[in-house]
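S.K.: model this:
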Amino acid sequence: MGCWQLAPSIGWGDKCSATEAETVIKTAVDCGITAFDTAEGYGDGESERRLGRALGNKRDDVIIVSKIWPDAELTLEAYQKRLDETLLRLNRDYVDLYLIHWPSDFMQNASLFCDIMFALKESKKALTVGLSNFHEQDLELLGDQLADFSINQVPYNLLCRFYEGRTRELCHQSGVTYMAYAPLARGFLARKLTETDRQVAARTNRYDSFFDEPIKSEVAKVYDLLASIGQDLGRHPSEIALAWVIAQENIQTTIIGSRKPEQVKECAKAGDCELTAEMLQALTAASDRFVANTERVLQSPID
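M.R.: Numbering: from 1, shown residues only. Have a look, this model is predicted:
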């Protein structure tokens, strides 16, 4: 369960109250979701605070992932301070997984960055450490130390496969699995979005061109296939989209995000959604066509 939407943010606006966030988190727990992804950058720590309060005495029964923003000074003391602040907001003694949210200029001193992250792991305040949004060029700077990280959290869905190729190969070789976020492409694979949905910055920052032709029609083709397969299986299109992501190479898990309890219930069902080999092949072929038909229009990779 992703918790970005559950606090005020530039990406999703201020549309979720603390009470609504608590309902969503408790719904996720009731649906069998056992891992929650947050970050100090989500609502300036408010996402972490709301998650900790909502979990209450169950906070140690689940996996909690949080992330440090890359503006922290590259010193152990600065990183320790950020992690301690995260733990205070979560009301927890440790996080199960601590990620660096984005690569930055600090990667020019990759060895020091690795030493700091591994020291946090040794402190037991972060049981394991990982990466987020790291591409091939960032991974190569880590050298052999890449194998000491556990996860690379990246965007991945039927409409966004930019982290395949050499990036995925490097991770796979080092035993670093993917935690896929935006598996529903910010809603485009869950339902047919309208112009009203376009007003959300989290969509327009990366997916704005998806609302306009010629990409709009290409998105519709992929969604229609999801709906068709879903109808055959008695499943919602979002379940089919999530099941495809989970079935892909080097994907350990995926993150769903919503501020609506009914959508959480809907997505949680994808955990036991089994697609046939033919269905997987058809979806991958549709994804391949989408990439081929839109690569000249999209000016930069979607992430």
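
S.K.: quick one: the strands in the protein?
M.R.: Assigned by DSSP state E, the chain shows strands spanning 35-37, 63-68, 97-100, 129-132, 151-155, 177-181, 251-254.

S.K.: Export those to TSV and append columns for distance to Ala227 and mean neighbour count.
M.R.: Every C-beta, even on glycine, is put in place using the N, C-alpha and C of the backbone. Formatted as TSV, these follow (distance: least, CB to CB, whole Å; neighbours: other CB atoms under 10 Å):
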stretch	distance to Ala227	mean neighbour count
strand 35-37	27	23
strand 63-68	31	24
strand 97-100	34	24
strand 129-132	31	22
strand 151-155	22	24
strand 177-181	21	22
strand 251-254	20	18
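
S.K.: Is it possible to get JSON lines of these that adds distance to Phe162 and mean pLDDT?
M.R.: Shown next, in JSON lines, are the strands of the chain (distance: least, CB to CB, whole Å; pLDDT from 0 to 100):
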{"stretch": "strand 35-37", "distance to Phe162": "20", "mean pLDDT": "98"}
{"stretch": "strand 63-68", "distance to Phe162": "20", "mean pLDDT": "98"}
{"stretch": "strand 97-100", "distance to Phe162": "19", "mean pLDDT": "98"}
{"stretch": "strand 129-132", "distance to Phe162": "14", "mean pLDDT": "98"}
{"stretch": "strand 151-155", "distance to Phe162": "8", "mean pLDDT": "98"}
{"stretch": "strand 177-181", "distance to Phe162": "12", "mean pLDDT": "98"}
{"stretch": "strand 251-254", "distance to Phe162": "14", "mean pLDDT": "96"}
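
S.K.: Dump those strands to CSV, plus distance to Glu140.
M.R.: Converted to CSV, the strands of the chain look like this (distance: least, CB to CB, whole Å):
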stretch, distance to Glu140
strand 35-37, 26
strand 63-68, 22
strand 97-100, 16
strand 129-132, 13
strand 151-155, 13
strand 177-181, 17
strand 251-254, 22
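
S.K.: Quick check: which of those strands is nearest to Gly45?
M.R.: strand 63-68 (9.8 Å; CB to CB).

S.K.: Of all residues in this protein, which one is nearest the centre?
M.R.: Per CA atoms, centre = their mean, the C-alpha nearest to the average position across the chain is that of Tyr181, at 2.2 Å.

S.K.: That one against Cys3, yeah?
M.R.: No: Tyr181 is beyond contact range of Cys3, at 11.5 Å (criterion: CB atoms under 8 Å).

S.K.: which stretches of the stretch 101-250 of the chain form helices?
M.R.: For the stretch 101-250 of the chain, the helices defined by DSSP state H, counting those that start in this stretch cover 110-122, 136-142, 165-174, 201-207, 215-233, 237-246.

S.K.: dump the residue contacts of the closest residue to Glu48 other than its chain neighbours.
M.R.: Leaving aside its sequence neighbours, Glu48 sits nearest to Arg89 (CB to CB, 6 or more residues apart in numbering; 3.9 Å). With contact set as CB atoms under 8 Å, 6 or more residues apart in numbering, Arg89 has these partners: Glu40, Gly45, Glu48, Arg49, Gly52.

S.K.: rerun that using 10 Å as the cut-off
M.R.: Contacts for Arg89 (CB atoms under 10 Å, 6 or more residues apart in numbering) come out as Thr38, Glu40, Gly45, Glu46, Ser47, Glu48, Arg49, Arg50, Leu51, Gly52, Arg53, Ser66.
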